[in-house]
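K.L.:
show me how the following folds:
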Amino acid sequence: MKNRNTLLFSFFLGALIGCSGDGPSGADDDGLTEGVGTGSATTASGDTTAAGGGMTGMGGASGTVGSTVGSGGAGGDAGTGGGPVDAAPDPELAGPYTTAVIDESFTVSSTGSTVDVHAVYPTAGPDAGPYPVVVLGRGFTISARQYDSYLDHLASFGYVALSVAYPTPLFGPNHVENAEELAAGLDWAAGHPTLGPIADEMNAGSTGHSLGGKLAVLAATFDSRIAAVIALDPVDGAMSCSPQNCPDVSALMPISIPTGFIGETTDATGGFQSCAPAAENFETFYAGTSSPSLSVEVLGANHVSFVDDLQTCGLACSFCNPATAMQEDVRRLSRAMMVAFFERHLRGDTRYDAFLDGAEAQSRYVNSGLAVILSK
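P.N.:
The predicted model follows:
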């Protein structure tokens, strides 16, 4: 267990870093609706030549995502004829599923806490389900609704995606209970009258930001339904908390499922007080992992670059070191990596290796100077 006493002041400040309330965040779309196929491209003469694809979204006869698949005809290259037939749908763009939202609350039997849950789920698309379930954990004192865009994006690719607003008290936290509450979202989805028939909670993923990233990993250590976990700038710390209630999760590495960590080092040191201390940040998780594992350092991001709306994040967000990366770029990368990671490790689609550490990732993120990517 790391020295918690030395982090007392750090995590007292951490209690301030967040967004009060659980109302809608007002997140932007960041271009997530580009490239959706428009249906049949069969010509009047009855042949099956695909109409021009590219970014306009005119797919092949099947009407799939235009920027990737033009399966209805001969097509051309990715910019003019719908793309090669074996290309994966671009994880930066919205997926091919239409979605709907459920907002409810439920009581977690193991802890007694009543938590709000915000779920986004597919209503129509290429596959009728059942769909993998992904649970998302919020950062310390940050509204769970600050991550709505991540849920929207996952659901558009055919996931039942939900956030669980577990309690995050300033004093007397219990991360074990929080992780149980996060994992209980799987039970809630499985038993829900609308989601139950389409939710595959036995093939689940977990994710989260800051404290939520730590809890996503912790939940994966005891809930065998979680088959893959990717965390956003996880912080492995707690203020005035026992090792039993707030275990050192990075010390539990490796775990026997695929892991991924997207983070930053802008807030590892310096400033008024570091928001994601080097001794507790995403690098400490990745260091102990075994293959397969992914590490993405987003250059110039700060600890709160991953939330949806900094304008509603509160005054305390100014205590983190200033970010130099554009927040839209950080969130675009993070959402794309999250989709690609779960497509690869929950659905076994190897085409998404290109977007994780392969050619597409190198071209988009590494060569552009946005990220450093490591993998095992």
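K.L.:
run a quick neighbour tally on the closest residue to Tyr365 other than its chain neighbours.
P.N.:
The spatially closest residue to Tyr365, leaving aside those adjacent along the chain, is Ala371, at 4.1 Å (Cβ to Cβ, 6 or more residues apart in numbering). C-betas here are computed from N, CA, C, even on glycine. Around Ala371 there are 25 other residues, counting by other Cβ atoms under 10 Å.
K.L.:
for Ala371, phi and psi?
P.N.:
Main-chain dihedrals, Ala371, degrees, to the nearest 10: phi -150, psi 160.
K.L.:
tell me which residues touch it, please.
P.N.:
Neighbouring residues of Ala371 by Cβ atoms under 8 Å, 6 or more residues apart in numbering: Val296, Glu297, Val298, Leu299, Leu333, Tyr365.
K.L.:
which sections of the stretch 151-300 of the chain are below the confidence cut-off?
P.N.:
Counting by pLDDT under 70, the stretch 151-300 of the chain contains low-confidence ranges at 271-273.
K.L.:
SS state for the residue nearest the centre of the chain?
P.N.:
Per Cα atoms, centre = their mean, the C-alpha nearest to the average position across the chain is that of Met338, at 4.5 Å. Recorded secondary structure, Met338: helix (DSSP: H, G, I helix; E, B strand; the rest coil).
K.L.:
can you pull the contacts of it?
P.N.:
Tyr150, His153, Leu154, Thr207, Ile230, Ile262.
K.L.:
possible to save the residues you listed as JSON lines with neighbour count?
P.N.:
As requested, the contacts of Met338 are exported to JSON lines (neighbours: other Cβ atoms under 10 Å):
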{"residue": "Tyr150", "neighbour count": "27"}
{"residue": "His153", "neighbour count": "28"}
{"residue": "Leu154", "neighbour count": "31"}
{"residue": "Thr207", "neighbour count": "31"}
{"residue": "Ile230", "neighbour count": "29"}
{"residue": "Ile262", "neighbour count": "28"}
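K.L.:
ok, of these, which one's closest to Ala124?
P.N.:
Of all the contacts of Met338, Leu154 has the smallest distance to Ala124: 16.1 Å, by Cβ to Cβ.
K.L.:
any idea how far that closest one is from Leu170?
P.N.:
Separation of Leu154 from Leu170 (Cβ to Cβ, to the nearest Å): 30 Å.
K.L.:
in what helix or strand does Glu328 lie?
P.N.:
In this assignment (DSSP states H and E), Glu328 forms part of helix 327-345.
K.L.:
for that helix, buried residues please.
P.N.:
Buried positions in helix 327-345, judged by neighbour count with 16 or more other Cβ atoms under 10 Å: 327, 329-345.
K.L.:
now could you export just the CA positions of it as PDB?
P.N.:
Output in PDB follows, covering the C-alpha atoms of helix 327-345 (Å, rounded to 0.1, in the frame of the first residue of the first chain):
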ATOM      1  CA  GLN A 327      -9.800  19.000 -25.400                       C
ATOM      2  CA  GLU A 328     -11.800  18.000 -28.500                       C
ATOM      3  CA  ASP A 329      -8.700  16.000 -29.700                       C
ATOM      4  CA  VAL A 330      -8.300  14.300 -26.300                       C
ATOM      5  CA  ARG A 331     -11.900  13.200 -26.200                       C
ATOM      6  CA  ARG A 332     -11.900  12.200 -29.800                       C
ATOM      7  CA  LEU A 333      -8.900  10.000 -29.300                       C
ATOM      8  CA  SER A 334     -10.300   8.600 -26.000                       C
ATOM      9  CA  ARG A 335     -13.700   7.700 -27.400                       C
ATOM     10  CA  ALA A 336     -12.100   6.100 -30.500                       C
ATOM     11  CA  MET A 337      -9.600   4.100 -28.400                       C
ATOM     12  CA  MET A 338     -12.400   2.900 -26.100                       C
ATOM     13  CA  VAL A 339     -14.500   1.700 -29.000                       C
ATOM     14  CA  ALA A 340     -11.600   0.000 -30.700                       C
ATOM     15  CA  PHE A 341     -10.500  -1.600 -27.500                       C
ATOM     16  CA  PHE A 342     -13.800  -3.200 -26.700                       C
ATOM     17  CA  GLU A 343     -14.400  -4.200 -30.400                       C
ATOM     18  CA  ARG A 344     -11.100  -6.000 -30.300                       C
ATOM     19  CA  HIS A 345     -11.400  -7.600 -26.900                       C
END
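K.L.:
fine by me, thanks again.
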